[in-house]
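Asks: could you look at this predicted model? Sequence included:
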Amino acid sequence: MESAINKASSLVEALSYIQRFHNKTVVVKVGGSIMDDEEKLSDILTDVVFMNYVGMQPIVVHGGGKAINHAMETAGLVPQWVQGRRYTDERVLAIAEHVLCNQINKFIVNFIQAAGCEAMGLHSLSSNVLFGEKTHLTGEDGRRIDIGLVGEVKQVNYRLLQLLVQADSIPVISTIARDAAGGKLNVNADTAAGAVAAAMKAEKLVVVSDTHGIRRDPKDPATMVPHLNVAQIEEMVKTGAISSGMLPKVEACFNALRGGCAKAHIIDGRVPHSLLLEIYTTDGVGTEIVL
């Protein structure tokens, strides 16, 4: 009986959040080692399906870095990294496109559809919604560094996304963008998700990865901070508390918030049903970021 009462209490707690977020768009970025663990990825996608059934409008943006690395190794290619970015030539782009569009995107769409919801894969081999420009890095001497077919998202076809979510279909976006000439560019999944959240003026951007929110001490899980604003995060970047792989995640959150997204979250997808816990409970399980 006590267990049943606890479940009922959880549902009552969720009710106010379900009412608040009804017909609101939430962009969910899935990446990190979660993409390599079918069980954990399935948990996250089950949460996405739940969100859709209770009236939210989820959009999924996914990466696939480790799967791309594995596919490159199988093809006899060695990944080359420049300032943390993968150098992308035509061969690497073809492998990345195949993994992202034909494998990962297809798995996610099929899972959602099997769970009873409509879903549409949006990528460079079907209907594309990401448009960008080639990007260059800057060296220590100020020189421009060419990293190949790598780009930044400059425009999002938000009208197509709006039509899909209003039709109760879940868009699933792979992060290969088109440039003005119709060429293809590999784009960072975090920054792509931030651009989508900004374009949609989403209620939330939720970055789901294998990181336990933002910590004041990256090595100590007990120092995870549940709520931060942009100024506090900028200070943590200066002190080095936020660095390396966390930087593109917080930049994506900044871009989303400055573009009109209400809130952003960074959560650990290894926690069962972390997406639901972050959105539908008072305490949450990650770091909430606001302007």
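Replies: Cool, the structure landed. Numbering: from 1, shown residues only.
Asks: for the one helix or strand residue 109 maps to, output the C-alpha coordinates as PDB.
Replies: In the assignment (DSSP states H and E), residue 109 maps to helix 106-114. What follows is helix 106-114, C-alpha atoms only, in PDB (Å, rounded to 0.1, in the frame of the first residue of the first chain):
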ATOM      1  CA  LYS A 106      16.800   5.300 -38.000                       C
ATOM      2  CA  PHE A 107      17.100   3.500 -34.700                       C
ATOM      3  CA  ILE A 108      15.600   6.500 -32.800                       C
ATOM      4  CA  VAL A 109      12.800   7.000 -35.200                       C
ATOM      5  CA  ASN A 110      11.900   3.200 -35.300                       C
ATOM      6  CA  PHE A 111      12.000   3.100 -31.400                       C
ATOM      7  CA  ILE A 112       9.600   6.100 -31.100                       C
ATOM      8  CA  GLN A 113       7.200   4.700 -33.700                       C
ATOM      9  CA  ALA A 114       7.200   1.200 -32.100                       C
END
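Asks: how about whatever helix or strand residue 196 lives in: buried residues?
Replies: In this structure, residue 196 is located in helix 189-199 according to DSSP H and E. Using 16 or more other C-beta atoms under 10 Å as the test for burial, helix 189-199 gives 189, 190, 191, 192, 193, 194, 195, 196, 197, 198, 199. No exception for glycine: its C-beta is placed from N, CA and C like everyone else's.
Asks: same question, stretch 66-85
Replies: 67, 68, 69, 71, 72, 85.
Asks: my guess is the third one is in a strand, correct?
Replies: No - Residue 69 is assigned helix when assessed by DSSP: H, G, I helix; E, B strand; the rest coil, not a strand.
Asks: next one: it from residue 180, what distance?
Replies: 29 Å (C-beta to C-beta, to the nearest Å).
Asks: mind checking the end-to-end distance for stretch 175-184?
Replies: 10 Å (C-alpha to C-alpha, to the nearest Å).
Asks: my bad, stretch 195-203
Replies: Span of stretch 195-203 from end to end, C-alpha to C-alpha: 14 Å.
Asks: chain center to it: distance?
Replies: Distance, stretch centre to chain centre, for stretch 195-203: 12 Å (C-alpha atoms, centre = their mean, to the nearest Å).
Asks: and that stretch, what's its mean pLDDT?
Replies: What stretch 195-203 shows for mean pLDDT is 98.
Asks: give me the contacts around that stretch.
Replies: Stretch 195-203 is touched from outside by 21, 24-27, 59, 61, 129-130, 153, 155-156, 158, 161-162, 173, 204-205, 255-256, 258-264, with contacts defined as C-beta atoms under 8 Å, 6 or more residues apart in numbering.
Asks: pull out the buried members of those.
Replies: 21, 24-27, 59, 61, 129-130, 153, 156, 158, 161, 173, 204-205, 255-256, 259, 261, 263-264.
Asks: residue 205 pairs with what?
Replies: residue 27, residue 264 (DSSP bridges).
Asks: isn't it up against residue 192?
Replies: No - using C-beta atoms under 8 Å, residue 205 makes no contact with residue 192, being 11.1 Å away.
Asks: quick check: neighbours shared by these two?
Replies: By C-beta under 8 Å, 6+ apart, the residues touching both residue 205 and residue 192 are residue 29.
Asks: burial measure for residue 144, as a count.
Replies: Neighbours of residue 144 under the rule other C-beta atoms under 10 Å: 10.
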